[in-house]
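# pasting the structure only:
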């Protein structure tokens with residue numbers, strides 16, 4: 001029997017139904033990453049698992065116990081399931097170590113010394129033993145989330161649930177937290193992680209659940225979900241989260257905002273600054289120094305240039321499409337192609353591209369190094 005069995009789970013609110021008919025099983029020791037578009041019931045699903053939300057219908061068996069049965073002792077069952085929220089949910093008026101001691105003393109019956117020793121061991125596990133006597137407000141967001149993970153482990157659960165644990169963090173802090181979660185995965189703890197971090201979902205998961213429109217549409221090993229998805233919706237979602245898009249609809253675009261957006265995308269993909277710099281240079285030369293001056297010279301006020309950047313897993317197979325078909329269709333003749341650029345722009349782009357091709361007039365694809 002699986003550790004978790006979900007059958008025909010449904011959750012309704014007056015104006016929305018986040019879960020329509022979810023069926024799934026989770027075996028002991030599995031790490032399940034739950035991905036999908038926003039608003040598709042991912043967080044509602046794990047909140048139903050430990051009954052922070054009451055399902056409208058269906059059945060949830062955890063270690064053989066029906067969580068939907070009114071006779072079930074929820075307090076006892078919740079001790080088997082630690083929960084880590086995206087907003088940390090630490091008690092600000094208590095020291096870090098006290099946050100980890102409370103529940104084990106109240107619910108597990110540990111003595112104060114036993115709870116203290118365990119708390120230090122758990123803080124050591126997440127790399128924060130030296131912060132035991134700090135207040136939560138003295139920690140960074142990444143450190144607070146690591147404390148929240150340690151607190152989730154303090155009840156010695158069989159299952160650990162994560163509700164988008166990195167959504168409120170900047171990229172450096174994301175790496176801190178994902179490193180801790182990955183370490184727990186290697187120790188065989190059963191985990192369900194609602195996440196938008198695709199690299200983590202691929203590298204650390206036993207299986208990936210893709211949810212959409214309140215249902216579990218596809219489940220399988222990471223390689224299947226990310227490389228050979230069965231459903232078109234899964235394929236489209238994976239492409240969207242791996243791609244970056246920017247529209248240039250003015251002759252004086254905000255290149256600083258574009259740079260910040262592209263750098264953030266590259267960081268989310270764990271690609272580093274080199275990839276972002278290469279793509280920024282290509283956009284600035286192709287769009288800023290070639291297409292926009294050309295459009296300006298021919299009286300085109302809305303260039304409607306669309307830039308799409310796509311990177312494969314690990315920052316390989318980087319492709320950039322530059323779409324200037326609107327400029328071309330504005331009746332100004334041939335828009336400048338790659339080979340029509342001035343020599344400086346051409347040499348700079350060539351240094352960062354393996355090759356390029358003209359997919360159709362006004363649509364250039366560049367293969368970034």
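In hand now; what should we look at? Not measured: the values here are computed from a predicted model.

# so how far is residue 237 from the residue most central in space within the chain?
Central residue of the chain (Cα atoms, centre = their mean): residue 196, 1.7 Å from the mean position. Going from residue 196 to residue 237 by Cβ to Cβ, to the nearest Å gives 11 Å. For the C-beta atoms, the positions are set from N, CA and C on the backbone; glycine is no exception.

# Find the residues that touch each one of those two.
Common neighbours of residue 196 and residue 237 are listed as residue 35 (criterion: Cβ atoms under 8 Å, 6 or more residues apart in numbering).

# Spell out which helix or strand contains residue 306, please.
Residue 306 is part of strand 305-310 when elements are defined by DSSP states H and E.

# which helices and strands does the following helix or strand past that strand pack with?
As assigned by DSSP H and E, the chain's next helix or strand after strand 305-310 is strand 318-323. Using 3 or more Cβ pairs under 8 Å, 6 or more residues apart in numbering; DSSP states H and E, the elements in contact with strand 318-323 are helix 273-283, strand 305-310, strand 363-368.

# Just put these in a markdown table and tack on mean pLDDT.
What follows is the helices and strands packed on strand 318-323, written out as a markdown table (pLDDT from 0 to 100):
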| stretch | mean pLDDT |
| --- | --- |
| helix 273-283 | 77 |
| strand 305-310 | 85 |
| strand 363-368 | 82 |
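
# could you dump these to JSON lines with distance to residue 207 and mean neighbour count?
JSON lines is the format used below for the helices and strands packed on strand 318-323 (distance: least, Cβ to Cβ, whole Å; neighbours: other Cβ atoms under 10 Å):
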{"stretch": "helix 273-283", "distance to residue 207": "29", "mean neighbour count": "19"}
{"stretch": "strand 305-310", "distance to residue 207": "25", "mean neighbour count": "20"}
{"stretch": "strand 363-368", "distance to residue 207": "32", "mean neighbour count": "18"}
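
# could these go into JSON lines alongside distance to residue 19?
JSON lines is the format used below for those (distance: least, Cβ to Cβ, whole Å):
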{"stretch": "helix 273-283", "distance to residue 19": "38"}
{"stretch": "strand 305-310", "distance to residue 19": "32"}
{"stretch": "strand 363-368", "distance to residue 19": "40"}
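
# Of those, which is nearest residue 144?
helix 273-283 (26.4 Å; Cβ to Cβ).

# pLDDT averaged over the following helix or strand past that closest one - what is it?
Reading on from helix 273-283 to the C-terminus, the next helix or strand found by DSSP H and E is helix 292-297. Across helix 292-297, pLDDT averages out at 82.
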